[in-house]
Structures are given as structure tokens and as C-alpha cells.
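[1] after the sequence you'll find the predicted model.
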Amino acid sequence: MNVRIDPSQQASVLDLHEPINVSRRRFLTGTAVGALVLGFGLPLGTTRVQAAVAAATAERGTQVPAFLEIRPDNRVRLLCPFMEGGQGTFTAMAQIVGEELDADPSTFLVEAAPPGEAYVVLENGMRITGGSMSVRMSYPVMRRLGALARAMLLQAGAQQLGVPVSELSTEPGKVVHANSGRSLAYGELAERAMDLPVPDPASVKLRDPSQFRWIGKPVKRLDAYDKSTGKALYSIDLKVDDMLHAAVQHAPRLGMTVGNLRNEEQVKAMKGVHSVHRLPGAVAVVAERWWHAKRAVEAIQVDWQEPTAESKVRPMPADFSSDAWFKRLAEDKGPAKDDEHEGDVAAILKETKTRIDATYHNQYLNHGQLEPPSALARFNPDGSLEVWLPNQAPDMFRADIAKRTGLDTSRITLHSPLLGGFFGRHFLYDSASPYPQAIELAKAVGRPVKLIWSREEEFLRDVLRPVAAVNFRAALDSDGWPLAIEAISATEGPTEALAGKQGEKLDPTALEGLSGKSYAIPNKRIAQIYVKGPAMLGYWRSVGNSLNDFFYESFLDELADKGGKDPFDLRLHLLRDNKRLTTLLQAVGELSGGWKRGPFTAEDGSKRARGVAMASPFGTETAVIAEVSIENGQVKVHDIWQAIDPGSIVNPAIVEAQVNGAVALGLSQTLVEEAVWMDGKPRARNYDLYPILPPARMARVHVRVVESGEKMGGIGEPPLPAVAPAVANAVAALTGQRVRSLPMSRHTFT
Amino acid sequence: MELRINQKTYQVDADADTPLLWVIRDDLGMTGTKYGCGLAQCGACSVLVDGNVVRSCVTPVAGVVGREVTTIEAIESDEVGKRVVSTWVDLQVAQCGYCQSGQVMAATALLKQNPKPSDAQIEAAMVNLCRCGTYNAIHAAVHELAGKGDA
Amino acid sequence: MNNSRFARTAGWLAVPCLVAAGLLAWYVTREPVSRLETHQIAVADIDPALVARGEYVARLSDCVACHSVPGGAPFAGGLEMATPLGSIHATNITPDTETGIGHYSLADFDRAVRHGVAPDSRRLYPAMPYPSYAKLSDDDVRALYAFFMKGVAPVKQANIPSAIPFPLNLRWPIALWNGVFVDAEPYAAKPSQDEQWNRGAYLVQGAGHCGSCHTPRGLAFNEKALDESGKPYLAGALLDGWYAPSLRDDHNTGLGRWSEAEIVQFLKTGRNKHAVVYGSMTEAFNNSTQFMSDDDLSAIAHYLKSLPGDRERDGAPWQYQAVSAAQRLDSPGAHTYVTRCASCHGLDGKGQSEWMPPLAGATSALAKESASAINITLNGSQRVVAAGVPDAYRMPAFREQLSDQQIAEVLTFMRSTWGNQSTAVDAQTVGKLREHTDPASSSPIILQMR
């Protein structure tokens, strides 16, 4: 069999070659009233920026033409406000819009929308892909969008068929006139519908959930085939005419500046090298091929200069060590600011007969998404700038580019390709993204430049998941039930880190998972000691919950043990007035075949035990049971049972996949992962010294979705936080060893 | 030098020690094969050389002269590869998808050499990293392809 | 015995004792005579050509490896060397008059380099390879002096005192050690050998100080032989967690299968079809051997190939046996090999040309000592920087991914496959090395000489 792949054809798969002439688009003329676009023959990636800006005053998510294009072949192109990075949002949005538009999601082509006010559809007024917000906070708006488009097609159909709109209905992909038996495909109506005004948003009626065909069903992902055949394109894959490649070498510590380049001439003479560049805190080589750029930039011998007082970035001290930092945090005595404070905690802790004190801490983590960061920048002949880059918030990135370049946002076109994983990596982090460098290089060489950070450079500049040391104190009553709990966390939240200071209010991302617990413990105090650290921090899947639920839920088991209670029973007791969580906890118990803690002997003869934990992240409730054994001194997790209640769901198959993914990341941070810093530098610069969960250490995952009908919660992050404490609790039940820091590879078990 | 990739012959001007990965991606413009680590740690760059799976990021291009390279772009022209892709789609394996080219190549190589691999052989062959945690889906897909049912 | 008699006897005995003590004191504190005592050069008059020549001798001698640290000023000292007695730091040898060697006369310099004695008669620790440098010619010492006085920038940087506790920090016993183990004469050409051989011998024994790592050491930490007259010379030795293999004509564990041209290629480019430099040899290559002239490298290769092997020590000659690691999945370690090692080193263990070294027939797989194999598996390789360009491929560190047991098993597999027949590796040995070593840096380390 012969498959011919012509390289030149391959390269032109992407139609990125000419600047996009936005003025030819009718809907871009500045009116808030648009029309469906007959998009045939127009290049992909067209921006609708102007339409979006002009529509700023309209109600959220009603600019139908900015989102939808129906093609003559009935394919529906949806510009999605959210980025697809594996979480399935493109498919979910096709389901939601398709349900109301009455178009099969499988007929959708979904791409990320450009920046623009029109695409701000979240109820909180933001445009980000994160916080597990996409579906839950845009659900009604995106449904209404589909319904509005359907109304326009019905109107167009009425005109074309010459019948009252009230006599028309739709079937997937077409308008139907039952009386006459006539029907018109959406593709046939798109051109006429284009000239119609968008109806009053209040005028459309949404479909009754009992009639849903696609919402709530395991609809196949739209990208499954492309992603199984290498056809899916990520930022790192893009190519434009005349493009050069670039690689960088960063200063070993953030804040250091470029001094003398000892061998610049030698490097310039290396094969394929176009030019050598000095950038803030980095040197770069631009070359005809990335491999040449990478080898040349590694060869540059830079005399790095120590940071000066004027450093605009957070300078990394030469003596920073993560281990020393944990100690310092644990010993910090305050002052602390209260987040939650009920009852008289201090007095009870002082007087109680049964006091339990414990100190926990967690570890720094990298994002470790498999696609190394890259950015492609091109200045067009008219001076406008186009940038292709991985991001979770296009408008913020465009604003930042405008700030850096002095260009008006209208002169900046930002493209958001598929993300090869993100987990919080692609928010706007100063000094942690390649696009400012790519833009500077493109400007310097007068040609488009694609810059890829090698894996080693990525590990050097990635922002870290925050760390905390939490000092717990608790009191039990005479029956062994928790009476008071105090958790004082010495930490810096990611939002505080980005701001460089503590705000007026506490950073919710610092304490979530310690705060917001539903257990009926009458006296509690949750407080933060703000400790600004030297490391650059960022958001990591499930954010504060990823550490805080480990602390709290592990400590809760310590209380159970001290009070002579079974940890499952203890939780049921503390949730006795909370029907939703009681149901959920019972669901996970049932899913696991009935709660049993062990230790017990499994069929294969290994000694095992189980642990339970719960979490309430991002509007969703979760309960996890883990089964573990010890194999060659290491923890082996055999099974994870997870019951998850996000209120209601859109795609059960994707939910199950997301639970699997979150469990994998949760196990990874529990078992093996840690970003160790010594002498101001990360010890690991690749996956060799920064292991991420390998297939051999994945657990079987069993999922039960509980749809309580409560307000919709998130899916991408919530299944993660309860994993670590469930495993730690199982390990404690099995070995008697209470793990108060992660990862478990730092501990030895017998 | 002359390379045979996906049953087509290419003339390539590259240093002998250039990793095959970058020749495929940058010189030949086939981007289905991914760069993940450059250190043979993740497997995103897996391709077949004479039917064996290799990590192209640690394969100096000079070493594949005269051998037959297959990349993900040609996977469906292979009988086994086609089945692998179809099972991958049926079981909805991919999430972000970045590692999946390599996963599909690894599974194809395994099943081409051994249509009924043992569990140990599967475990030894399917070692590529996935940060999204699709391991269970991969496991199920390979077991289905190996006729073992969803083990 | 009454007291007076004892006193008298003791009195008689005291005389020879005092004489002996006096002689000893003289011996251990004396300033050795330099052959260049009357040859002082005025620094101002030093000819740039002599400086250049001296820089080359400094490359041959690899002074920079110890007297510079990454990111530090050239030759300002600072490298920490752990010894069983405590750590010591290499000193500042820039021409700074206060903290460096700016006040050294040529004779002072000579005494330090060839005799291991500083101007205050203080004995240097033999971590400074003066037992080898003793063989340097007068001309090379003079050139070296010229380079350090005029080619190196003076840097004011105080030396770090050694951490060796009293009384072990007394230096005078070193003089006795020198008396026993150091032959303080420059290299004398052997008329029975040709010029190339003699040049090679001079470089290997002298400036190159190859024996510092490759010659086994005795109980007093002395190299068991300093030239080809001793059978242990360059016969392979364990040092600092690495096994520096035999450089003799041993078929399995030495250079028996290497041609002279392959030795030259190895020292010039850091790699050949048999091996890639790693461990301590990476530093020697990065800083020293690649800068040697082709003639000198050929001379070294010629000399080394003249050192006979020892069949008894080396064992039966290795022969490749074809087997795919994938076919041995049931043997312990094979699974790890297939999943972690085979991508680069091949299921057949043959590696990939000169880029990824073969494990079939590798010295590290045939030598009895497993330290190098364990060390590089735990810690990965330092970057090999050839002609200013860091290597395209490096060995990852597996210490965070594989347990002691897994490493022991995979190395045992590697050392018993493809015709390799060597000792098994046990987990305890791996554990000990794990504790005492650190992962190699993935960034290139380039020590500057100017």
C-alpha cells in the first residue's frame, strides 16, 4: 500500500499564509445586528474581532454571527469561547448549541474563538478556560445561542417557503413544513438567514431537558479521529511562509541578566544559524531549523549577571532550597488572617482532654503538559501582528501583547490552537511564556518566527504549584467526636503570587479545601499566614484544593483514629444533616462494594487497605475510596472509586474520561511528583528527574456520577483533590504510617 | 542522504546526528510525530523503523538510511494500524491528544509483531507517558485489539 | 631498674633520637631544590608565544578542572574535593599577589607543580597530581609559569581552608609519603623506543596524569605504578564512585579492541563506535583532551597500545551473542531494559553508531567493578561539549524512576546478555552509590581558561 505524503502539501494544510482581510466580512461592519455567515471559501481562522468589539453593549452570548457559520454542506462551524486542551469542551459546546439549534453535534466543526467581548459568555463576566467554569457558567447562555440561531433559520425558512413561521418546525439540520411535507436544509437557508436580525433573546424558548437528544448523552468527541491519526494541530506544529525557527537559553535563575557572550562569533558561524539575540533574561538563536537553533543556543557561553534591584521579575536567590522552604513555612508563627472562624476554638483547644496536633506540608509541582510551550509571531506588511500561541485567556494575552508592543489591540490577531495539555499552565504568567520572545525575535529578523521552548527550558521557567505548611490543632469531645478544628496555613496563594502581594481579602485559591468544608464541627478556625516566597507560582489543576484537601482529609482521619471512630462513619456522622453529601458518600461506598477499611488480604495474597476522602471543589462534590498495598517498599494503588456530583452533566463519557485524567494527575502528585529546588535552581530539567505517573502505576478507576440536580458544578478539576488523601488514609490504615507530606516516594514503607 | 518514509523516498540535507524527529517535522513538514522531551522519556515521538517502534527524538537520522520509516501520517495504510485507529476512536481514548500519535504507533508495532500479546508484553510495550491520564482507555483499547476483551 | 639508671640510659638514647627528630624535621620542612632555581624569568619579559605554549601545557595538564568552578573566575580556585578525612578546596592559582600565586618565582612555581611544596614549605595534598607533574620537562614548567603569570587574569579570592580536623590536618607526614612514593625526576626518554612512543609516555605519565584515575592505588592512597614498568599501571581503578577502566591492551576491559585511530577519535571528539566519554572522563574530555594536537593524541594512542593486557585479569575474550532483549522479558531486569534503555542502546545492545554507546561488549558491562554502570544509571551523563557544541544526546538520570532493586536487576541483565559475562549487581551497592552521588547537570558546564 502506498500513501503519499507530499511535504509541500502537508505544509499548506494550514491556510495561514496571508493576512486575513477582515473588511470583506459583512458582519464586521459595526452593527450589533449580524447575520449567519455563508462561510464557504473563506479561510479558517478568520477573526470576528470588530464584530465582537462593536457588540459590547449587547446581552452576553447573543451575537449569533460571531459564533456560528452554517455551510452549504450543512456543516456548522462554531467559534468556541473556550480552549480545547483535552477536557472535551469543544464537543460539549457542540452538544449544548446543537441541542437548541437542532443540529447533530457530529456535524460541528469547532475552533477557538478569537479575543473579543462577544465571546465573554461566563456568568462571572470573564473569558478564561479554567476553574472548571466553561460548561457550568455558560450553559444557559450557550443554549440560548443555539436557540437564537434556530429562530433565525426558522424565520428564513418562513420567508423562503412563504408560510407562517408558526407552521414550521425543525429536525436535526433542517427546517420542516409538516403541512406540505417540504423541508429545507440549514445549509440552504444560511444565506437568507444572514440578513435577518437576531431575535430578542427573551423571545426564544429552550428545549425541555426531558427532550434532550444530545445533552446528557455520551456523544463521541469531535476530535477523536484527528487526535488518533496525528492530524490535530497544536501551536508547536504550525508553520507559515518564510518562517524561521528559534530556541532560547534562559538565565539559570530568574532575574539574572545577559552579560558577555563569550563565543558569539563561533555560534553565529554554526550551521543553519540566522542570528543570535539578547533578550531579557535569555539569549536566543534564530535558524532555518529548530534543531540548529537549539544546538546553537545551548552552545552560547553567557556570562550571566546577578539580578539588580531594578529587576522587574521576582529574582530567584542563589541559596533557595525547597526543603529549607518547607521548614521555614512550618515554623512561621504568624500573624494569621482568619478565613473561617466559628465558635470558641482557642478556649476549647486549651481546655480539651483530647488534643491532636499535626503539621503537614506539600511539594512544588510542575505542570508537565506534554506539549512544550511555543509561539509563532508574524508581522504583516501593514504592520499588524499575528500571534499563534497556547493560552487559556485570549483577551488577557492580547492585552498583554498590546502593552508590550505598543500596538492597538485592533492590530493584533491572536490565534488559539489546540492545547497539548494545560492544567493551568497557559494562563498569563510573566516570564513563563515564549510569546514575548517570539514577537521580539520576529520584529528583529523581519520574518515570522516560531519559538519552541525545549523541555529543559520549560522546566526552568514553568510556574510552580504553590506549597503550604499547615499547622492543625483539634479537640475531641468525650465521645470521641471532633469538637474543634484549627488549621493555620503558612502559604502564598497563586493569585497572591501573580499580584506580588496579599490583597485586601484573602486569596481564595490559597485556602480552598481547608475552607468550605461541610462537616458539622461546631468550632473551627481556618486562617492564613501570608508568606511571600521566591518561586514563581501558578495555577495547577484543582488549584488550592490539590494540596488543602490532602491536608484536611488526612487530618480528619487522624481525628477518627484518635476518637476510635471508623473514618467513613465519622464522615457520615459529620454530614448527617447534609443530604447531598450523605448520598454521595454512600454512593462511593456502594460503588466500592461496601465500605471496608481493612487491612485485609486480597485474592492475590497481598495485604491491602482502603481509605476514603471527600472534596468540594469548583461547585462539585466528590467522594473517593482508594485501595492500596505496599509493593517493594512503594505504594501501589489498585483501585480508585469515585462518586461525583456536579449537579447535572452534559456528556457522561467525557465526565468519565475527566475523572480518569484527574485521578491520574492526583495519583501522580501523591506517588511520584515533586519539583525539587536547590541552590536557586530546579533539580529536574526533564521527565527523567521529574517523573510523572507512568502507565504501570495507574489505578483502575470506577466512576459513579450522581446528578443531584443542584447548580451545575465543574468537571475538569474536581475529581483530583480527594485522591491524595484517600490514598494517604489507605496507607495509614495498612501500615500505621501517617504520611504528612507528599510525594510518597519520599517515604519508605514496610 | 536518502530516506524512505511512508513508502516514499526523500532526499534530505541534514547532519548525520540530527534526530529523525526533527527531520520528519521540520524538513519534511509532517507534524503528527510530536516533540515531548527529546530524551526518550515520554514516547510522543514514536515512529516505526522496519516495523519496530523507536523514539525518533533519540534516533540519529543517519541510522535509518536504507530502512523503512513509518509515521503516524501513514498509519491507516497499514492493516493493523487502521484497526488500532478505529479502536482508539471507538473507545474515545484521546484527551488533549498530544501523546496519542506515539501511543497509536506503539500499539501498532506491538500488534504487528504479536497479534496476541501477553499482559507482560503489553505492559512492556505500552509505556509512553500521557499527562491527561488516558492510561485506562489505552489499556482497554489494546486489550480489545488483542482479543482479550476489556480486561 | 632504678630511676637514675633509667635516666642515664634514656640520656644516651636521647642523642640519636634527637638527631633523628632533627633530620626528620629538616626533611619534612625542607624546601626541595628546584632545577629552575637560577632560571627566574621577569614576568614583564614573557614572550606571548611562551604564554600560548603554556596555555597548551595547562590544557594538557587539565589545571582548570580543579582550579576553576562553573561560573567562577578562571583559576580562582574553589572546587571542593571530598577526601575520607574531610573536604579540601583547590586553591587560587591566578597571579593575584595576595590570594593567588602572583608572588611565586619560577622556582616556587616549579616546587609546587613538580614537588608538591608551597613557598612556605607547606606540603600540598596529593590531590594535586604532582607525582605525575614531576615528569614535566623544564621547558613545559617554564611555559606553564609564563601562562599563569601573564595569560591568566589576577583575581582576589581567598582560599577556602580545608575541613580536615587536627591532627590529621598536619601536612608534614606528606613529605614522608612523597619520599616513598614520588619519583621527583622529569621524564627521561627511553632510547629503546621511538620518538612518538616517548612523547606519548611523557604526556600520559606527566601532564595527562591519566594514572590519577586509571591506576589502582595502594593502602597509602599511592598510585601503585607511575609508568609502564609496573604491571598495575593504568590497569583500571575505582575512584569517586566511578570505575576508570584499564587503558592497557586488555581485550574486554581495556583498549584491546580499539585501534590507535579510535583512541584518537575518542579523545578528540568524545566518542567512537565503542564508547562515549562519561563520568569523570567527560570533564577530562571537555577541558583537556579535545584541545590536544593530533600529533599528541596519536602519540598517546601509540603509547597506550604498547601496554600489554593481562588475560588472567581480563578473562576470556568477549564475543557478541545475538539476542533481542524483548525475547528475554521473563528474566529480571529485561523488562526495565526494554522499556527504559532500548530506545537508545537497542534491543540488541549495540547502541547507535558513535551517538549512543553499545552496551554489548562495553567496558562497564564487562568489568568486575559495577560502579560506573550504576553511577551513570542513577545520575545520567554530564553534557559532552565537543568543539564548543554540547552533545545532541545525553543519558537521562534514572534515580527518581527506578529503585535500587530495579537498577541492580537491569544492570545484572545488561552484564549477562549479548555475550557480556560479568558479576551481578546487588541493590545494596546501588543504594550506597545513590546516597553518595548527585545527578549530573543537564546544562553544559564549560570551564573558562581566560
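    Yep, it's here.

[2] and the host helix or strand of A:Leu414, what other elements does it pack with?
    Secondary structure assignment for A:Leu414, by DSSP states H and E: strand A:412-415. Applying 3 or more Cβ pairs under 8 Å, 6 or more residues apart in numbering or on different chains; DSSP states H and E, we find strand A:412-415 packed against strand A:385-388, helix A:394-405. C-beta coordinates here come from the backbone N, C-alpha and C atoms, glycine included.

[3] point out the most buried one among these.
    strand A:385-388 (a mean of 24; mean count of other Cβ atoms under 10 Å in any protein chain shown).

[4] chain center to it, what's the gap?
    23 Å (Cα atoms, centre = their mean, to the nearest Å).

[5] partners of it in the sheet?
    When pairing is defined by DSSP bridges, strand A:385-388 lines up against strand A:374-379 (antiparallel), strand A:412-415 (parallel).

[6] check which helix or strand covers the most far-flung residue of chain A relative to its centre.
    Distance to the chain centre peaks in chain A at A:Ser180, reaching 49.9 Å (criterion: Cα atoms, centre = their mean). Take DSSP H and E as the rule and A:Ser180 turns out to sit in neither a helix nor a strand.

[7] give the contact list for it.
    Neighbour list for A:Ser180: A:Leu161, A:Val163 [criterion: Cβ atoms under 8 Å, 6 or more residues apart in numbering or on different chains].

[8] check what pLDDT it gets.
    A:Ser180 carries a pLDDT value of 96.

[9] strands of chain B, start to end?
    Listed in chain order, the strands of chain B (DSSP state E) span B:2-5, B:8-11, B:46-49, B:52-55, B:68-70.

[10] which residues does the nearest residue to A:Pro164 once chain neighbours are set aside contact?
    Residue nearest to A:Pro164 in three dimensions, not counting chain neighbours: A:Ala158, with 6.3 Å by Cβ to Cβ, 6 or more residues apart in numbering or on different chains. Residues in contact with A:Ala158 (Cβ under 8 Å, 6+ apart) are A:Pro164, A:Val165, A:Glu167, A:Leu168.

[11] A:Asp430 reaches A:Val313, doesn't it?
    Yes: the criterion here is Cβ atoms under 8 Å, and A:Asp430 meets it with A:Val313 at 6.6 Å.

[12] re earlier: give me phi/psi at the residue nearest to A:Pro164?
    Note on A:Ala158: its backbone torsions stand at phi -60, psi -40 [degrees, to the nearest 10].

[13] also A:Thr495?
    Per degrees, to the nearest 10, the backbone of A:Thr495 is at phi -70, psi -40.

[14] right, and it touches A:Asp507 too?
    Yes: counting by Cβ under 8 Å, A:Thr495 touches A:Asp507, with 4.5 Å between them.

[15] more neighbours: these two, which one.
    A:Asp507 (23 against 19; other Cβ atoms under 10 Å in any protein chain shown).

[16] my read is that the more buried one contacts A:Leu498, right?
    No: assessed by Cβ under 8 Å, A:Asp507 is found out of contact with A:Leu498, at 9.6 Å.

[17] residue ranges for the helices of the stretch 251-400 of chain A, please.
    Using DSSP state H, counting those that start in this stretch, the helices of the stretch 251-400 of chain A run over A:264-268, A:290-299, A:322-331, A:345-351, A:394-405.

[18] got the angle between the last one and strand A:374-379?
    Orientation check (axes from the mean of the first three to the mean of the last three Cα atoms, to 10 degrees): helix A:394-405 against strand A:374-379 gives 60 degrees.

[19] now for the closest residue to C:Pro129 other than its chain neighbours, how many residues are close by?
    Spatial nearest neighbour of C:Pro129, chain neighbours left out: C:His209 (4.1 Å); criterion: Cβ to Cβ, 6+ apart. By other Cβ under 10 Å, 26 other residues sit near C:His209.

[20] what do you get for C:Ser87?
    12.

[21] could you export the host helix or strand of it as CSV, CA atoms only?
    Using DSSP H and E, C:Ser87 falls within strand C:86-89. What follows is strand C:86-89, C-alpha atoms only, in CSV (Å, rounded to 0.1, in the frame of the first residue of the first chain):
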residue,chain,number,x,y,z
GLY,C,86,37.3,15.9,55.2
SER,C,87,37.0,18.1,52.2
ILE,C,88,39.6,20.3,50.8
HIS,C,89,39.3,23.1,48.2
